[in-house]
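Colleague: Provided below are the primary sequence and the corresponding predicted coordinates.
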Amino acid sequence: MSEGSDILVGWASKSITPDKPVILMGQFHARISKYVNDPVTATALAIETSDDQAIMVSCDIVVITRRMQDGVRERLKTKLPDFDIKKLFLNATHTHTAPNMMDDWYPPQADDVMGATEYVNFFVDCVTDVVIEAWEGRKPGGISWAYGQAVVGHNRRAAYFDGSSQMYGNTNRDDFDSIEGYEDHSVNMLFTWDKDENPTGVIINLACPSQVTEGEYYVSADFWHEVRVELNKRYSNLFVLQQCSTAGDQSPHFLFNSRAEENMRKLKGVSEREEIALRIADAVDYVFPYAKKDIRTNVPFKHIVQDLDLPIRKVTALEYESAKLEYNKLMSKESLDGNSGDYIILGRDKTTIDRYEHEKPFYQMELHVIRLGDIAIATNPFEIYLDYGIRIKARSKALQTFLVQLASDCPGDFGAGYLPTAKAIVGGGYSAIVASNFVSPEGGQILVNKTVELINSMLS
């Protein structure tokens, strides 16, 4: 490691686990948590040089909404006067066993169940604390980057001979044609080191949401909990900041080969989450000695934040009439059934109706693009299909390109939705229907082009 480090690095982690029952987000029906299986956490990494600064916070939740990120930024205005709060972004891992943070998605609950607004306030307090701790704990250090492989995410859309597609569709049907899209098993890693070349933390970026045990009735970070446990067995006191790359059509579930995988896990004596953790930890192990040989303390660092207007996906007249029909049918019921998903369906229908009647031409998102040495990091707020990420990575001049979905703020409290490809929209199915999307495939390509433009301008 060279002397006179220009890089300052700070880490912190804090539980964002509620202390009472909550509605768990990720399914259409309401699930009240019965216990905490493992903690959900927020982990912050602060990096500063004389050129620029950034704070990245990874959170074991489903999405990042505007009021969450803006809430943290508002608290930090006076607490961190030497930090540009626009250079902060949060990202979600998309665990489906974390607290709900969206009002009116689920039916009202008893007083002993933490509501969405109460949890958001708690979340903002915790994340503010962890950001301050990371920033104030900055010390001279170094970084290195590495690239590995781990089979974790799989395309979850089955395509059929009639041109249709289904999320988690059956592959044993006579008319099964193919898996709709690609898979990306790459693992991008950014290591941080102290002045004595001891590892202090690692960013792990891979194309898979954390939703192995997605329908349970307990609070959990899903497989990232096992990853943290396994890595801290191998590297003590190592912070882990997890990033989900472009993975709107990916999941850890197999559409085929599932029985063979299950059989091997039984023979090994590990759970599905533990198997994934071992694969990720082994990928870290494989590159670790090489990453340690290439520690940098003086690297180019630039962080650009831009608002980007993307063309919306327009609601057609047929989609509008269909949403109205379903909405009126639900409203005519004597009472809505929270266990059947009535509340979420009603909300989706209302949003679709409002979009048609009060059409806006653009969807505004916040885009972060970072150059750190030979690597680039770029964010988006969507569950964006993998093909868009492949387009960015293929055209990027960076040695490694870390793409981070479900990151930064987005308008409203309902998340940014899926961003499917044109091919997926033709196939249809959940995640490719208009109720699940705000931005068109044309908007997706604009995002690709702008991201590539900013990355490559930094590396010219």
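Modeller: Happy to help now that I have it.

Colleague: care to break this protein down by domain?
Modeller: Per automatic domain parsing, the domain ranges recorded for the chain read 8-303+364-458, 315-358.

Colleague: show the average pLDDT along stretch 151-159.
Modeller: Computed over stretch 151-159, the mean pLDDT rounds to 98.

Colleague: buried ones in that stretch?
Modeller: Using 16 or more other CB atoms under 10 Å as the test for burial, stretch 151-159 gives 152-159. C-beta coordinates here come from the backbone N, C-alpha and C atoms, glycine included.

Colleague: roughly how far is that stretch from the heart of the chain?
Modeller: Taking CA atoms, centre = their mean, to the nearest Å, one finds stretch 151-159 lying 17 Å from the centre of the chain it belongs to.

Colleague: which residues touch it?
Modeller: Residues from elsewhere that reach stretch 151-159 (CB atoms under 8 Å, 6 or more residues apart in numbering): 165-171, 176-185, 206-209, 223, 247, 249-255, 276, 279-280, 386, 424, 427, 429, 431.

Colleague: who touches the lowest-mean-pLDDT helix or strand in the chain?
Modeller: In the chain, the helix or strand scored least confidently by mean pLDDT, DSSP states H and E is helix 342-357, which has a mean of 92. Under the contact criterion CB under 8 Å, 6+ apart, helix 342-357 has outside partners 28, 30, 104-107, 312, 315, 317, 319-320, 323-324, 326-327, 330-331, 333, 336, 414, 434-436, 438.

Colleague: tell me which helix or strand comes right after that helix.
Modeller: Using DSSP states H and E, the next helix or strand after helix 342-357 towards the C-terminus is strand 362-372.

Colleague: quick one: residues contacting the residue nearest to V62 when sequence neighbours are not counted.
Modeller: Leaving aside its sequence neighbours, V62 sits nearest to M25 (CB to CB, 6 or more residues apart in numbering; 4.6 Å). M25 makes contacts with 61-62, 96, 98-102, 105, as judged by CB under 8 Å, 6+ apart.

Colleague: and those residues, which is closest to Y418?
Modeller: V62 (13.0 Å; CB to CB).

Colleague: contact partners for the closest one?
Modeller: 25-26, 92, 94-96, 98, 100-101, 406, 415.

Colleague: now the buried residues of stretch 151-159 in JSON lines, with secondary structure and distance to S460?
Modeller: Converted to JSON lines, these look like this (DSSP: H, G, I helix; E, B strand; the rest coil; distance: CB to CB, whole Å):
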{"residue": "V152", "secondary structure": "coil", "distance to S460": "34"}
{"residue": "G153", "secondary structure": "coil", "distance to S460": "32"}
{"residue": "H154", "secondary structure": "strand", "distance to S460": "36"}
{"residue": "N155", "secondary structure": "strand", "distance to S460": "34"}
{"residue": "R156", "secondary structure": "coil", "distance to S460": "37"}
{"residue": "R157", "secondary structure": "strand", "distance to S460": "37"}
{"residue": "A158", "secondary structure": "strand", "distance to S460": "42"}
{"residue": "A159", "secondary structure": "strand", "distance to S460": "40"}
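
Colleague: buried residues in stretch 183-196, which are they?
Modeller: Buried, per 16+ other CB under 10 Å, within stretch 183-196: 183-193.

Colleague: quick one: terminal-to-terminal distance for that stretch?
Modeller: One end of stretch 183-196 sits 38 Å from the other (CA to CA, to the nearest Å).

Colleague: check stretch 202-219 too.
Modeller: By CA to CA, one end of stretch 202-219 lies 24 Å from the other end.

Colleague: put the alpha carbons of the host helix or strand of L190 into CSV.
Modeller: Assigned by DSSP H and E, L190 belongs to strand 186-193. Output of strand 186-193 as CSV, limited to C-alpha atoms (Å, rounded to 0.1, in the frame of the first residue of the first chain):
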residue,chain,number,x,y,z
SER,A,186,-21.0,-12.6,-12.2
VAL,A,187,-20.1,-11.2,-8.8
ASN,A,188,-18.5,-7.8,-8.7
MET,A,189,-16.6,-7.0,-5.6
LEU,A,190,-15.1,-3.9,-4.1
PHE,A,191,-12.8,-4.5,-1.1
THR,A,192,-11.8,-1.8,1.4
TRP,A,193,-8.6,-2.0,3.5
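
Colleague: who's in contact with R395?
Modeller: 448, 452, 456.

Colleague: before we move on, what about H225?
Modeller: With CB under 8 Å, 6+ apart, H225 has these contacts: 38-39, 273.

Colleague: can you redo the buried residues of stretch 151-159 as TSV with distance to I390?
Modeller: Converted to TSV, those look like this (distance: CB to CB, whole Å):
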residue	distance to I390
V152	16
G153	13
H154	15
N155	12
R156	16
R157	15
A158	20
A159	18
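
Colleague: so for stretch 279-287, mean pLDDT?
Modeller: 98.

Colleague: swap that for stretch 186-197, sorry
Modeller: On average, stretch 186-197 scores 97.

Colleague: show me where the stretch 51-200 of the chain has helices.
Modeller: Using DSSP state H, counting those that start in this stretch, the helices of the stretch 51-200 of the chain run over residues 66-79, 116-136.

Colleague: next, the angle helix 66-79 makes with the longest one.
Modeller: Using axes from the mean of the first three to the mean of the last three CA atoms, to 10 degrees, the interaxial angle of helix 116-136 with respect to helix 66-79 works out to 40 degrees.

Colleague: report the buried residues of helix 116-136.
Modeller: Here helix 116-136 shows 116, 119-120, 122-124, 126-135 as buried, counting by 16+ other CB under 10 Å.

Colleague: low-confidence bits of the protein, can you list those?
Modeller: Scanning the chain with the threshold set as pLDDT under 70 gives 1-5, 338, 409-414.

Colleague: for W224, what are its contacts?
Modeller: W224 touches 60, 93, 95, 210, 240, 242, counting by CB under 8 Å, 6+ apart.

Colleague: and if we set it to 6 Å?
Modeller: Listed by CB atoms under 6 Å, 6 or more residues apart in numbering, the contact set of W224 reads 93, 210, 242.

Colleague: go on, K302?
Modeller: Counting by CB under 6 Å, 6+ apart, K302 touches 52, 371, 458.

Colleague: kindly confirm my reading that it is in a strand.
Modeller: Yes. The assignment for K302 by DSSP: H, G, I helix; E, B strand; the rest coil puts it in a strand.

Colleague: the nearest residue to it once chain neighbours are set aside bridge partners, please.
Modeller: Leaving out its chain neighbours, the residue that sits closest to K302 by CB to CB, 6+ apart is R371, at 4.7 Å. Taking DSSP bridges as the rule, R371 bridges to K302, A376.

Colleague: residue most distant from the centroid, this structure?
Modeller: E334 (37.6 Å; CA atoms, centre = their mean).
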